[in-house]
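*Asks:* Okay, sequence plus prediction incoming.
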Protein chains: 2
Amino acid sequence: MTEKGKDANIGDLVKIKTAKEEIQGILLESPEAGVVLIKLDNGYNIGISRDNILEIKVVKKEAIEKKKEETFKLSHKKPVIDLIITGGTISSSLDVKTGAVKWLTSPGELFKFYPEIFEIADIRVINPFMKASENMSYEDWRKIAKLAVKSLNEDNVKGVIITHGTDFLHYTSSALSFMIQNLNKPVVLTYSQRSTDRGSSDAELNLYCAAKMALSDVAEVMLVGHASINDDFCYAMPGTKTRKMHASRRDTFKVINDTPIAKIYKDKIEILKSYNKRKEGKEAKAKLDDSFEEKIALIKFYPGQNPDILNYYDKQGYKGFAIEMSGLGHVLTEGKNNWIQVIKELVKKGTIICAAPQTLYGRLDPFVYSPGRELEKAGVVYLKDILPETAFVKLGWVLGHKDWSLEEKKKKLLENISGEFNERLGEEFI
Amino acid sequence: MTEKGKDANIGDLVKIKTAKEEIQGILLESPEAGVVLIKLDNGYNIGISRDNILEIKVVKKEAIEKKKEETFKLSHKKPVIDLIITGGTISSSLDVKTGAVKWLTSPGELFKFYPEIFEIADIRVINPFMKASENMSYEDWRKIAKLAVKSLNEDNVKGVIITHGTDFLHYTSSALSFMIQNLNKPVVLTYSQRSTDRGSSDAELNLYCAAKMALSDVAEVMLVGHASINDDFCYAMPGTKTRKMHASRRDTFKVINDTPIAKIYKDKIEILKSYNKRKEGKEAKAKLDDSFEEKIALIKFYPGQNPDILNYYDKQGYKGFAIEMSGLGHVLTEGKNNWIQVIKELVKKGTIICAAPQTLYGRLDPFVYSPGRELEKAGVVYLKDILPETAFVKLGWVLGHKDWSLEEKKKKLLENISGEFNERLGEEFI
């Protein structure tokens, strides 16, 4: 800080005087030169042009640092939430020098921005790795599942929150839905689309609502985030029925072929559908079931596509395919690139080929048109109204169970294990 | 017809008497035994249980056959619409014996069900092939484009309608948007999700609205279909910004990252955004530009995906890839399956790699996170808010222009040629 506010440091509580008003807040690192960024009491960040500032007065030195140290101690009076930090924008901030986004290397750093959740719970931080979610794979899902199960089975833990990048958050939520069986407490995944140091960040409301949900009696794997582009409430969305549907909006996650589990306001939770209740007692232990077959592929079928792609993967030892089929569940069934023969041969040798709807919305039905009937007869497993992303995860999870027979695996694929099928879907359509 | 109505044949105008009422309509082939299906004057089909029928009286023999013959003659008083029939549910009916859907083999057969469009136009039928749209490829797009351009450049033709299967209709609408340059008249693609002989068929309203649009002054490639699950109005949707978003709903097509061009009611057209106007005169001829490179692939990136898939295609001589990237435009950029090196090598040898948003909604931005910046630097062409399906089509079309240099091709990919980018997208978000 030069001249105006030269004795003020990041983390200090300051009072800023302009010609129009006086504003008090915690001084933050500003991503823009010429702009002073502060966090208000209500949680919002605002930027004030340095030109408009008459005076910056320090009210309290290191106001945030002190807060931080207090909060990391367990009070033993509040319920405990285990917070598994895995990376993503919710754990990143703008690099003032390059203008780009950088990781917040210390997890504790993160909590400068989220004082509110420490008021309703004792937060224990677990930090297995820091990754952008597009760089995660099934090995990371297993690590998270393992940590979550450990936390869920500790008596004093009320619920688990996982902070995560948005790109492939829906894959992780889906994976945890299968990898954690006999779920006894809430498992809540949350994110942000705007980094924490920006005025419009969605991180704070998302994390607060995630904490509310982690303390609730909803024992489900849920994804919690903005319900709209307003900062008014969040949705708790089912782990297997949710997909990232916008590159940048804060309400990017949408429930597909289902409804949200709950609306979460700062002061209340409004339940929207039936759910599994929290289980108490020693018998109610969550079980880790994290088998996963790595050799699977997700393939989006497109016009004229050569089915030889399946043979290529087969040569690499792939055991299964989730194919995003068109319409009610179709691929090319005539001409030079007919898929039928290739599918038949792979099925014959024990490869599992399942279908998910490329339209995302709606349910597959192989029995309406003859190509569908032909493909079904060839052995394609039609996964109803499943999301393609969930189909991929479920396929890997099912194939990971080496002790199940081929027939058992196919049966499991069609069984509604973690809410991946919505049996009531379609009643609203003519 | 046994007993009741034994002298009534398919196509006759009949009066059906039940205990409650008398209903008049054209007798149709019924998909269900025990049910008599008739087409009412208002265009709807209804099925009446044979058990409830007291009497079936023939009012007029072959009422539909006569209509058909009249309609196929040009009146030379009404405007001319060229109707290119390519297959799909809109040209199919239920096979009474198997309960499955079969093609209507004679195009004329189709018009038993669509009397209304013959009232507003002289319809000339063109039938290059009959295909389910999932079996179409770029060769079919070229055939349709060629026929459409021929029709568009005939002085007496007011507009062109293409009836088509739904599965990949959005690929064809996108292809025609690029393959027909200097568009002078409306090109309207339409479809149905329910076969024509079902009471709830959407075919009639879609085709009628398509005809209204074909006679309008909107010189665009448009996809016309139900705006909701009600039979009240249709949308005219931009050819490059529309996608099939539901496996079975009648309003399956949704405009993504843009708005519909118009609402079409039976009695009026309500324009919703600016459009290119119909061009008259000899200079205003549509131009066929149907080059297409077959050796391209659409790849949806998923967690942990091995980038070797690009090398496999490269070995088959593939010239370009449209990759559905996660979030703002990311793929794996660390660990054993890092894509960066493979992409760099392919770009170096002249392969074009472009990115489209896997989220469908929103716009890519490689400059927010460092993986994006790295990929952009490696040579990935970021196609903004394009639909993945449109990216695939545009890539094939651009690469088909062998006389363009590599740099020109990349430039063309980023140029807004047929409304595939919405430059104003995002203004509504914070």
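*Replies:* Sure thing, it's come through. Numbering: from 1, shown residues only, chains lettered A, B, ... in the order given.
*Asks:* can you pull the contacts of whichever residue of the stretch 1-150 of chain A sits closest to chain B?
*Replies:* Of all residues in the stretch 1-150 of chain A, the one sitting closest to chain B is A:Ser137 (3.1 Å; CB to the nearest CB). In short, each C-beta sits where N, CA and C put it, glycine included. A:Ser137 sits next to B:Pro303, B:Gly304, B:Gly335, B:Asn337 when contact means CB atoms under 8 Å, 6 or more residues apart in numbering or on different chains.
*Asks:* Let's see if you can find the most crowded of these.
*Replies:* Sorting those by how many neighbours each has (other CB atoms under 10 Å in any protein chain shown) puts B:Pro303 first, at 25 neighbours.
*Asks:* what about it, which SS state?
*Replies:* Following DSSP: H, G, I helix; E, B strand; the rest coil, we place B:Pro303 in the coil state.
*Asks:* That one against A:Tyr138, yeah?
*Replies:* Yes - counting by CB atoms under 8 Å, B:Pro303 does reach A:Tyr138; the two are 7.2 Å apart.
*Asks:* sorry, back to before: could you work out the most separated pair of the contacts of A:Ser137?
*Replies:* Greatest spatial distance in the contacts of A:Ser137: B:Pro303 and B:Gly335, 11.3 Å, computed using CB to CB.
*Asks:* Any stretches of the stretch 1-150 of chain A with poor pLDDT?
*Replies:* Across the stretch 1-150 of chain A, residues meeting the criterion (pLDDT under 70) sit at A:1-3, A:31-32, A:42-44, A:64-73, A:94-113.
*Asks:* So which residues on it come close to chain B?
*Replies:* For the stretch 1-150 of chain A, the contact set with chain B under CB under 8 Å from any CB of the partner chain comprises A:Ala100, A:Val101, A:Lys131, A:Ala132, A:Ser133, A:Glu134, A:Asn135, A:Met136, A:Ser137, A:Tyr138, A:Glu139.
*Asks:* Equivalent analysis for the stretch 151-300 of chain A, please.
*Replies:* For the stretch 151-300 of chain A, the residues in contact with chain B (CB under 8 Å from any CB) are A:165-168, A:171, A:200, A:229, A:244-250, A:252, A:294, A:297-300.
*Asks:* Of these, which qualify as buried by neighbour count?
*Replies:* Among these, those scoring as buried are A:165-168, A:171, A:229, A:244-250, A:252, A:297-300 (criterion: 16 or more other CB atoms under 10 Å in any protein chain shown).
*Asks:* which helix is the longest one in chain A?
*Replies:* Looking across chain A with DSSP state H, the single longest helix is helix A:138-152.
*Asks:* by contact count, what packs against whatever helix or strand comes next after it?
*Replies:* Going down the chain from helix A:138-152, the next helix or strand is strand A:157-163, by DSSP states H and E. Judged by 3 or more CB pairs under 8 Å, 6 or more residues apart in numbering or on different chains; DSSP states H and E, the packing partners of strand A:157-163 are strand A:80-85, helix A:138-152, strand A:187-190, helix A:203-214.
*Asks:* tell me the mean pLDDT for strand A:157-163?
*Replies:* Average pLDDT, strand A:157-163: 97.
*Asks:* which residues in chain A form helices?
*Replies:* A:63-72, A:107-110, A:117-120, A:138-152, A:169-179, A:203-214, A:308-315, A:340-348, A:370-378, A:388-400, A:406-414.
*Asks:* for those, which one ends up most surrounded?
*Replies:* With neighbours defined as mean count of other CB atoms under 10 Å in any protein chain shown, these peak in mean count at helix A:169-179, which reaches a mean of 28.
*Asks:* And that helix, how far out from the chain middle?
*Replies:* 8 Å (CA atoms, centre = their mean, to the nearest Å).
*Asks:* now it and helix A:388-400, what's the angle there?
*Replies:* Angle between the axes of helix A:169-179 and helix A:388-400 is 30 degrees (criterion: axes from the mean of the first three to the mean of the last three CA atoms, to 10 degrees).
*Asks:* by contact count, what packs against helix A:169-179?
*Replies:* Secondary-structure packing of helix A:169-179 (3+ CB pairs under 8 Å, 6+ apart): helix A:138-152, strand A:187-190, strand A:221-226, strand A:242-244, helix A:388-400.
*Asks:* For that helix, C-alpha coordinates in CSV please.
*Replies:* The C-alpha trace of helix A:169-179 is given here as CSV (Å, rounded to 0.1, in the frame of the first residue of the first chain):
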residue,chain,number,x,y,z
LEU,A,169,-16.9,-33.0,-10.1
HIS,A,170,-20.0,-34.9,-11.4
TYR,A,171,-17.7,-37.9,-12.2
THR,A,172,-16.4,-37.9,-8.6
SER,A,173,-19.9,-37.5,-7.1
SER,A,174,-21.0,-40.5,-9.2
ALA,A,175,-17.9,-42.6,-8.2
LEU,A,176,-18.4,-41.9,-4.5
SER,A,177,-22.1,-42.9,-4.9
PHE,A,178,-20.9,-46.4,-5.9
MET,A,179,-17.7,-46.7,-3.9
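*Asks:* same question for that helix, mean pLDDT?
*Replies:* For helix A:169-179, the mean per-residue pLDDT is 98.
*Asks:* Run the angle between it and helix A:138-152 for me.
*Replies:* Counting by the same axes, to 10 degrees, helix A:169-179 lies at 60 degrees to helix A:138-152.
*Asks:* how near is A:Lys15 to A:Leu40?
*Replies:* Computed with CB to CB, to the nearest Å, the distance linking A:Lys15 and A:Leu40 is 12 Å.
*Asks:* shared neighbours of the two, which are they?
*Replies:* Applying CB under 8 Å, 6+ apart, one finds that A:Lys15 and A:Leu40 are jointly contacted by A:Ile23, A:Gln24.
*Asks:* so who does A:Gly165 touch?
*Replies:* By CB under 8 Å, 6+ apart, the contact set of A:Gly165 is A:Thr86, A:Gly87, A:Gly88, A:Thr89, A:Ile90, A:Lys131, A:Ala132, A:Ser133, A:Glu134, A:Met136, A:Tyr191, B:Gly327.
*Asks:* and A:Gly317, how many neighbours?
*Replies:* 8.
*Asks:* so what pLDDT did it get?
*Replies:* Predicted confidence (pLDDT) at A:Gly317: the value is 98.
*Asks:* and the residue lying closest to it once chain neighbours are set aside, how many neighbours?
*Replies:* Distance criterion CB to CB, 6 or more residues apart in numbering or on different chains; nearest residue to A:Gly317, sequence neighbours excluded, is A:Lys295 at 5.4 Å. As a burial measure, A:Lys295 scores 14 neighbours (other CB under 10 Å).
*Asks:* so A:Ile85 sits right up against A:Arg124, yeah?
*Replies:* No - assessed by CB under 8 Å, A:Ile85 is found out of contact with A:Arg124, at 11.0 Å.
*Asks:* Neighbour count: these two, which is higher?
*Replies:* Comparing A:Ile85 with A:Arg124 by other CB under 10 Å, the one with more neighbours is A:Ile85, at 20 against 16.
*Asks:* Looking at pLDDT only, which of the contacts of A:Ser137 scores worst?
*Replies:* Minimum pLDDT across these is recorded for B:Gly335, with 93.
*Asks:* Dump the helices and strands packed on strand A:157-163 to TSV, plus distance to B:Val381.
*Replies:* Shown next, in TSV, are the helices and strands packed on strand A:157-163 (distance: least, CB to CB, whole Å):
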stretch	distance to B:Val381
strand A:80-85	34
helix A:138-152	29
strand A:187-190	32
helix A:203-214	32
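*Asks:* right, and those - which one's nearest A:Lys285?
*Replies:* That would be helix A:138-152 among those, by CB to CB, at 7.9 Å.
*Asks:* Counting by contacts, list what the closest one packs against.
*Replies:* With contacts taken as 3+ CB pairs under 8 Å, 6+ apart, helix A:138-152 sits against strand A:80-85, strand A:157-163, helix A:169-179, strand A:180-181, strand A:287-288.
*Asks:* So which of these is nearest B:Pro260?
*Replies:* helix A:169-179 (28.3 Å).
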